[in-house]
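Trainee: fold the following and give me the result.
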Amino acid sequence: MKYFKYISLSTVLIILDQYSKQLAIEHLAQGQMYGYVNNFFRLIFARNPGAWGSLGSDWPSPLKEISLILIPTLVLGYIFYSLFSNKTNKLEKWSYSLILAGGIGNLIDRVKDGSVIDMFWFGFEKYKYLQTNIFNLADVYVMIGVGFLLLNYFVEKKSEKSQSKA
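Mentor: Residues are numbered from 1 along each chain as shown. Presented below is the predicted three-dimensional model:
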């Protein structure tokens with residue numbers, strides 16, 4: 001029961017991710033775009049056969065499966081193990097829950113369909129460096145989780161420096 005809240009969070013987030021992808025399949029035609037706030041935020045349906053920014057989408061079959069399915073599965077296994085480790089603090093556990101949810105959400109797509117469903121885009125069309133790739137909720141979970149891990153790292157480093165000066 002000690003880890004129930006972390007597993008529950010991951011489970012709920014995976015369900016939300018898969019539901020949002022199903023909505024995208026049902027309501028957004030391939031390549032169709034709905035723009036909001038002067039097209040700064042867009043809903044666009046895309047199937048991404050690679051990783052972030054379609055990285056690896058054109059790689060040969062064994063390399064692609066190893067890079068996009070096997071390695072992420074091993075990383076997720078390590079994150080799952082770390083979630084249950086007594087060496088991790090609460091913020092790390094919440095971070096791992098988010099990363100686990102995002103990783104599993106995208107892995108489900110890759111195994112099931114051979115591609116990940118993406119649907120969100122932010123940015124200024126005229127400025128290439130002020131826009132995102134098309135992404136999904138699972139990507140958001142991973143980014144927030146990594147952000148929390150970085151925050152935790154810097155807070156711990158600051159604490160270590162304070163303790164060493166005392």
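Trainee: lowest confidence element among the helices and strands of the protein?
Mentor: Ranking every helix and strand in the chain by mean pLDDT, DSSP states H and E puts helix 61-65 at the bottom, with a mean of 69.
Trainee: and the next helix or strand past that one?
Mentor: Using DSSP states H and E, the helix or strand that follows helix 61-65 in sequence is helix 71-83.
Trainee: tell me the buried residues in that next one?
Mentor: Using 16 or more other C-beta atoms under 10 Å as the test for burial, helix 71-83 gives Pro72, Leu76, Ile79, Phe80, Ser82, Leu83. All C-beta spots, glycine's among them, are computed from the backbone N, C-alpha and C.
Trainee: could you do stretch 146-158 as well?
Mentor: Those would be Phe148, Leu149, Asn152, for stretch 146-158 by 16+ other C-beta under 10 Å.
Trainee: could you do stretch 83-91 as well?
Mentor: Buried, per 16+ other C-beta under 10 Å, within stretch 83-91: Leu83.
Trainee: equivalent analysis for stretch 104-113, please.
Mentor: For stretch 104-113, using 16+ other C-beta under 10 Å, the buried residues are Ile104, Gly105, Asn106, Leu107, Ile108, Asp109, Arg110.
Trainee: likewise stretch 5-15?
Mentor: Quick answer for stretch 5-15 (16+ other C-beta under 10 Å): Tyr6, Leu9, Ser10, Leu13, Ile14.
Trainee: which of those sit farthest apart?
Mentor: Tyr6 and Ile14 (12.8 Å; C-beta to C-beta).
Trainee: could you give the mean pLDDT of stretch 18-33?
Mentor: What stretch 18-33 shows for mean pLDDT is 88.
Trainee: residues contacting stretch 76-91, please?
Mentor: By C-beta atoms under 8 Å, 6 or more residues apart in numbering, the list of residues contacting stretch 76-91 from outside reads 3, 6, 92-93, 96-97, 99-100, 103-104, 107, 148, 151-152.
Trainee: just give me how far that stretch sits from the chain centre.
Mentor: 17 Å (C-alpha atoms, centre = their mean, to the nearest Å).
Trainee: I'd like the average pLDDT over that stretch.
Mentor: pLDDT averaged over stretch 76-91 gives 90.
Trainee: for the chain, which segments count as strands?
Mentor: Ranges of strands within the chain are 33-36, 41-48, 116-122, based on DSSP state E.
Trainee: turn these into JSON lines, including distance to Glu160 and mean neighbour count.
Mentor: Listed next are those as JSON lines, based on distance: least, C-beta to C-beta, whole Å; neighbours: other C-beta atoms under 10 Å:
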{"stretch": "strand 33-36", "distance to Glu160": "44", "mean neighbour count": "12"}
{"stretch": "strand 41-48", "distance to Glu160": "40", "mean neighbour count": "18"}
{"stretch": "strand 116-122", "distance to Glu160": "36", "mean neighbour count": "21"}
